[in-house]
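Chemist: Here's my sequence, what's the structure:
(one chain, ligands or ions: 1)
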Amino acid sequence: MEFDWSYTIGLLWSRDFWNATLLVVELSLASWIISVILGFFVALAHRSSFLAVRKIASVYVWFFRSLPLLVLLIFVYNLPQAFPSTGAFLSIPFISGLIALVLSETAYIAEIHRGALVSVSKGQYEAGNVLGLSRSGIQRLVVIPQALRIALPSLANEFISIVKLTSLVSVISLAEILLVGQRYYTQNFKVIETMVAVAFYYVLIVTVFDTLLKALERHLDFSNRLTALSKAGIEDTDSPAAPSVMERDDSQPVIRLDRGGKSFGDNSVFSNLNLAVRQGEVVSIIGPSGSGKTTLIRSLNGLETLDQGVVYLKEKPFIAGREEGLSMSLPKAKTEMLELGMVFQSFNLFPHKTVLGNVTLGPHYHNRGSVGEIRASARAILSQVGMLAHENKYPHQLSGGQQQRVAIARALAMNPSVLLFDEPTSALDPETVGEVLRIMADLGKSGRTMIIVTHEMKFALEVSDRVIFMEGGKVVFEGSPDALRDEFCGMPVSPISSAFENEGTR
Ligand SMILES: Nc1ncnc2c1ncn2[C@@H]1O[C@H](COP(=O)(O)OP(=O)(O)OP(=O)(O)O)[C@@H](O)[C@H]1O
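Modeler: Residues are numbered from 1 along each chain as shown. Here you go, the predicted model:
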């Protein structure tokens, strides 16, 4: 029997097939969108701190991934036999098909979301925290945009699978493409000719949506965006403008740790540690690796939870250790976090935001002015750190030193009372260390209160009002840079230089 081309080509204009194609698109899109949303909540539940919630999420994923879709379709469509009240909507094949597809696809898509969420680094959450973002704010502004970009290729793939899976819904009499084809060939027995037309409609849907989803992927892929230097910043070179000088009030400590204690399991990092920093003071914390410097500075803003002790901000209790019984293991209010700006060793810039977007995110979130005011002030700060010309670039388009300068600008944008620096130059190439230290030195001179954990001995001695030398979780020296030199210079082997011997201290 000869292949009947004219019959097949005629089917490409068939109203029945085009209606079925529309139905498949509607069912696929509805299933995909609902599953993408529900799958995200299942993925979040999978990461919940509550064991029961985690268990429910994992049982859901396990069960619906184990169940063949065909079984699920027949089960849902026939549910009215057991529960007649569900007949009003479950006897509609589109609704039964949609429910079965969503139940099944949510389980698969939850796993895609979970993988994407896991790949957003802890540093991104910490950067959101120190900007005073709420949990949902961190999800909305920081995590979801990054996770979505990571997940999109797999989500697009899942959409294609759904389009093909809709052919199974023909078993519950939904007049989708396959069922329309079956009705045709059972009348004229032109099976191959009809199935070629059926294949054409599926390939058409997949091709159109694949192209659209790839375009969306490209649109969301900030790593491929080309960005020119800002025109507004052309006159601004990489040389920073001097910050305005702040008034100094050293009548009381702006931040104070009283009897701080912190252990990781059996490893006691420090105990009974006291630290007080006055407004306008620049304090450097130095010491050998593992002496507890980073843990100390991260305990001041709650990124590490203290076991004992209390942190006071302007002499008001701000954070209390877990054993203090004050139920203040985290900062009482997110707004209080804003008193402490933090600059991380690994920058933790938001990769999906431009330089300007990174700096304005905090002020926008906290409604620190109109859009115009916030942008103007962010640009002034970027000029201060010599980065205005790069305002439209994304972090991956900058050198390490430039990224750290943006991170400093982001912290400054919230105008915090204290700036915490956690080894801000340790992740930088030697050539770019100087540009960051210069900015920090200028900030110190302008009267900013700064606590700096650093291995840069020369910088610490030149810039600090006070240097704290830690060893084994204890403060073994605390005083002015001159006093530090007097204390240790006369010794045959300086404990400081020997402590730093193997650390490449500059
Ligand atoms: N999250 C953690 N879990 C378990 N132990 C940790 C954790 N963070 C730090 N420690 C331990 O606490 C001790 C102090 O570490 P910390 O990073 O504060 O030292 P540091 O003086 O900043 O060192 P470096 O100069 O190398 O950064 C080390 O023994 C370290 O292994």
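
Chemist: Could you use CA atoms for every contact and neighbour count after this?
Modeler: Noted.

Chemist: and Thr449, bridged to which residues?
Modeler: Counting by DSSP bridges, Thr449 is bridged to Val418.

Chemist: and stretch 272-290, which residues are buried?
Modeler: 273-275, 277-289 (16 or more other C-alpha atoms under 10 Å).

Chemist: so which of those also contact the ligand?
Modeler: With C-alpha under 6 Å from any ligand atom as the criterion, the buried residues of stretch 272-290 include 288-289 near the ligand.

Chemist: Which one of the buried residues of stretch 272-290 is nearest to Ile439?
Modeler: Val282 (13.5 Å; C-alpha to C-alpha).

Chemist: Assess the claim that that closest one and Leu443 are in contact.
Modeler: No. With contact defined as C-alpha atoms under 8 Å, Val282 does not count as touching Leu443 (9.5 Å).

Chemist: Let me see the residues that make contact with the helix or strand where Ala407 lies.
Modeler: Using DSSP states H and E, Ala407 maps to helix 400-412. Outside helix 400-412, the residues that touch it by C-alpha atoms under 8 Å, 6 or more residues apart in numbering are 131, 341-344, 347-349, 355, 358-360, 362, 378, 381-382, 385-387, 395, 419, 424, 427-429, 432-433, 435-436, 439.

Chemist: Return the set of buried residues in it.
Modeler: Of all the residues in helix 400-412, those buried under the rule 16+ other C-alpha under 10 Å are 400-412.

Chemist: Check stretch 80-93 too.
Modeler: 80, 90-91, 93.

Chemist: Next: stretch 182-201.
Modeler: 182, 184, 190, 193-198, 201.

Chemist: What is the nearest of the residues you listed to the ligand?
Modeler: Tyr201 (55.0 Å; C-alpha to the nearest ligand atom).

Chemist: In contact with that closest one, which residues?
Modeler: 17, 21, 177.

Chemist: thinking again about what came up before, okay, and which of the contacts of helix 400-412 map to strands?
Modeler: Mapping the contacts of helix 400-412 onto strands (DSSP state E) picks out 341-343, 419.

Chemist: ranking those by neighbours, who comes first?
Modeler: Comparing those by number of neighbours (other C-alpha atoms under 10 Å), Met342 comes first, having 31 neighbours.

Chemist: what stretches of the stretch 51-200 of the chain score poorly on pLDDT?
Modeler: Within the stretch 51-200 of the chain, no range satisfies pLDDT under 70.

Chemist: from it, which residue is nearest to the ligand?
Modeler: Taking C-alpha to the nearest ligand atom, the stretch 51-200 of the chain has Lys122 as its residue nearest the ligand, at 11.4 Å.

Chemist: Count the neighbours of that residue for me.
Modeler: Lys122: 10 neighbours (other C-alpha under 10 Å).

Chemist: re earlier: just put the buried residues of helix 400-412 in a markdown table and tack on distance to Tyr7 and pLDDT.
Modeler: What follows is the buried residues of helix 400-412, written out as a markdown table (distance: C-alpha to C-alpha, whole Å; pLDDT from 0 to 100):
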| residue | distance to Tyr7 | pLDDT |
| --- | --- | --- |
| Gly400 | 65 | 91 |
| Gly401 | 68 | 92 |
| Gln402 | 66 | 93 |
| Gln403 | 64 | 94 |
| Gln404 | 67 | 94 |
| Arg405 | 68 | 94 |
| Val406 | 65 | 96 |
| Ala407 | 66 | 96 |
| Ile408 | 70 | 95 |
| Ala409 | 69 | 96 |
| Arg410 | 66 | 96 |
| Ala411 | 69 | 95 |
| Leu412 | 71 | 95 |
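
Chemist: of these, closest to Leu300?
Modeler: For the buried residues of helix 400-412, the nearest to Leu300 is Ala411 (15.6 Å; C-alpha to C-alpha).

Chemist: that older thread, distance from the chain centre to the helix holding Ala407, please.
Modeler: On the basis of C-alpha atoms, centre = their mean, to the nearest Å, helix 400-412 is displaced by 17 Å from the centre of the chain it belongs to.

Chemist: ditto for stretch 191-211
Modeler: 39 Å.

Chemist: do the same with stretch 54-64
Modeler: Per C-alpha atoms, centre = their mean, the centroid offset for stretch 54-64 relative to its chain is 25 Å.

Chemist: how far does stretch 88-95 stretch from start to finish?
Modeler: 10 Å (C-alpha to C-alpha, to the nearest Å).

Chemist: so which strand or helix has the residue nearest to Pro317 when sequence neighbours are not counted?
Modeler: Nearest non-adjacent residue to Pro317, counting by C-alpha to C-alpha, 6 or more residues apart in numbering: Val311, 6.1 Å away. Per DSSP H and E, Val311 falls inside strand 308-313.

Chemist: so which helix or strand takes in the residue nearest to Leu101 when sequence neighbours are not counted?
Modeler: Leaving aside its sequence neighbours, Leu101 sits nearest to Ser31 (C-alpha to C-alpha, 6+ apart; 6.2 Å). Secondary structure assigned from DSSP H and E places Ser31 in helix 15-46.

Chemist: in that helix, what counts as buried?
Modeler: Under 16+ other C-alpha under 10 Å, the buried positions of helix 15-46 are 16-18, 20-21, 23-25, 27-29, 31-32, 34-36, 38-46.

Chemist: Please list which of the residues you listed also come close to the ligand.
Modeler: Applying C-alpha under 6 Å from any ligand atom to these, none is adjacent to the ligand.

Chemist: Rounded mean pLDDT for stretch 356-373, please.
Modeler: Averaged over stretch 356-373, pLDDT sits at 94.

Chemist: and the end-to-end length of that stretch?
Modeler: Stretch 356-373 stretches 13 Å from its first residue to its last (C-alpha to C-alpha).

Chemist: Ok, stretch 166-178 next?
Modeler: The first residue of stretch 166-178 is 9 Å away from its last residue (C-alpha to C-alpha).

Chemist: Then stretch 416-435?
Modeler: First-to-last residue span, stretch 416-435, C-alpha to C-alpha: 22 Å.

Chemist: Buried residues, it. List them.
Modeler: 416-426, 428, 433, 435.

Chemist: Next: stretch 336-352.
Modeler: 337-352.

Chemist: One more: stretch 73-81?
Modeler: Of the residues in stretch 73-81, those buried (16+ other C-alpha under 10 Å) are 73-74, 76-80.

Chemist: quick check, nearest of these to Lys458?
Modeler: Leu73 (71.2 Å).

Chemist: wait, isn't the closest one in contact with Ser96?
Modeler: Yes. Leu73 is within contact range of Ser96, at 6.9 Å (criterion: C-alpha under 8 Å).

Chemist: Could you tell me which residues of the stretch 401-506 of the chain lie near the ligand?
Modeler: Residues of the stretch 401-506 of the chain found near the ligand (C-alpha under 6 Å from any ligand atom): none.

Chemist: Low-confidence ranges, the stretch 401-506 of the chain, go.
Modeler: 488-506.

Chemist: Report the contact partners of the most centrally placed residue in the chain.
Modeler: The chain has Val143 as the residue nearest its centroid, 3.5 Å off, counting by C-alpha atoms, centre = their mean. Applying C-alpha under 8 Å, 6+ apart, we find Val143 in contact with 117, 120, 124-125.

Chemist: go with 7 Å
Modeler: Applying C-alpha atoms under 7 Å, 6 or more residues apart in numbering to Val143 gives the contacts Val120.

Chemist: Please report how far Ile9 lies from the ligand.
Modeler: 66 Å (C-alpha to the nearest ligand atom, to the nearest Å).

Chemist: again with Arg47
Modeler: From Arg47 to the ligand the distance is 19 Å (C-alpha to the nearest ligand atom).

Chemist: That residue contacts Ile56, correct?
Modeler: No. Look at Arg47 against Ile56 with C-alpha atoms under 7 Å: they stay out of range, at 11.4 Å.

Chemist: Sweet, I'm off.
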